[in-house]
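build me a structure from this.
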Amino acid sequence: MQQPQENDQPILVHVENGIARITLNNPRRKNAITIKMSEQIEEFCDLVDNDWSIGGVILDAVGAYFCSGADTRDLASSSANPASTEAIERTSAVYRAFTRVGSMPVPSIALVAGGTVGAGLNLAMATDLLLVTPDAVLDSGFLARRIHPGGGHISLLGRSLSRQQAMALAVLGVAVSGVEAARMGLAWKAIEQEAMLAEACGLLRLAAADPLLARKIKHSADLELGPGAVRWDAAVELERGVQMWSLGRKGEAGWDK
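Residues are numbered from 1 along each chain as shown. Below is the predicted model:
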């Protein structure tokens, strides 16, 4: 698959041979997710939903770091008045970015180079498989920022990890390397960054060759494997109020914007 043509757009999209690739393009802020990026991620998901020639998706990022989470400038604004309509809409836009990725009708693979934290980890975990660099740092990050997890983060961890492992990451703030993530089952494989794209294209080869069948199998997998103890959409709502409370407690001044 060819590299997407870089420009000043925060999201790059490239479709080739049955595979759609979406690339985060905000490397100056370690690909932090802005509201505009969230909206464009939703637009990409609309494209995948409606283009039946697409049988697989690759999600990656420009630069050496996958995603540092939600943009701290938006988090700071939400912390000023977390009960406001604007704050709720702002956080909901980010939530929708990864819930839409997680509900795409085709198999998806995230290429996590360098590391990811918070909402960035949610975005990666929303895909079906993770490829990670061996030295990548996968970090829940919420506890360190003194806010409650959001976006169904704990539920997402529970889809791949045991209860004890999910507790370590989400509740105790333990970060894991790419090698550890693969060993735990949080990632499919730890692989060097330059080999990631070819590996992902190889994994998606059969799905891309028969998109209709791939979509039917993905639908069956979603129905049969299902969520854990709490459905993801329910987990998003369960975490929402407590996260907004934690943002208000921290306040706008508590963020390094």
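
now the strands for this protein?
Under the criterion DSSP state E, the chain contains strands at 11-16, 19-24, 56-61, 108-112, 115-117, 129-132, 137-139, 176-177, 189-190.

turn those into JSON lines, columns for distance to residue 100.
Glycine gets a C-beta too; all of them are placed from N, C-alpha and C. What follows is the strands of the chain, written out as JSON lines (distance: least, CB to CB, whole Å):
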{"stretch": "strand 11-16", "distance to residue 100": "13"}
{"stretch": "strand 19-24", "distance to residue 100": "11"}
{"stretch": "strand 56-61", "distance to residue 100": "11"}
{"stretch": "strand 108-112", "distance to residue 100": "11"}
{"stretch": "strand 115-117", "distance to residue 100": "18"}
{"stretch": "strand 129-132", "distance to residue 100": "18"}
{"stretch": "strand 137-139", "distance to residue 100": "22"}
{"stretch": "strand 176-177", "distance to residue 100": "26"}
{"stretch": "strand 189-190", "distance to residue 100": "25"}
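
let's have the ones you listed in JSON lines, adding mean pLDDT and mean neighbour count.
Shown next, in JSON lines, are the strands of the chain (pLDDT from 0 to 100; neighbours: other CB atoms under 10 Å):
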{"stretch": "strand 11-16", "mean pLDDT": "97", "mean neighbour count": "17"}
{"stretch": "strand 19-24", "mean pLDDT": "98", "mean neighbour count": "24"}
{"stretch": "strand 56-61", "mean pLDDT": "98", "mean neighbour count": "26"}
{"stretch": "strand 108-112", "mean pLDDT": "98", "mean neighbour count": "27"}
{"stretch": "strand 115-117", "mean pLDDT": "97", "mean neighbour count": "26"}
{"stretch": "strand 129-132", "mean pLDDT": "98", "mean neighbour count": "26"}
{"stretch": "strand 137-139", "mean pLDDT": "98", "mean neighbour count": "22"}
{"stretch": "strand 176-177", "mean pLDDT": "98", "mean neighbour count": "20"}
{"stretch": "strand 189-190", "mean pLDDT": "98", "mean neighbour count": "18"}
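
what sits against residue 93?
Contact partners of residue 93, counting by CB atoms under 8 Å, 6 or more residues apart in numbering, are 35, 38, 39.

for residue 85, which of the strands of the chain is the nearest?
Smallest distance to residue 85 across these (CB to CB): 25.6 Å, for strand 11-16.
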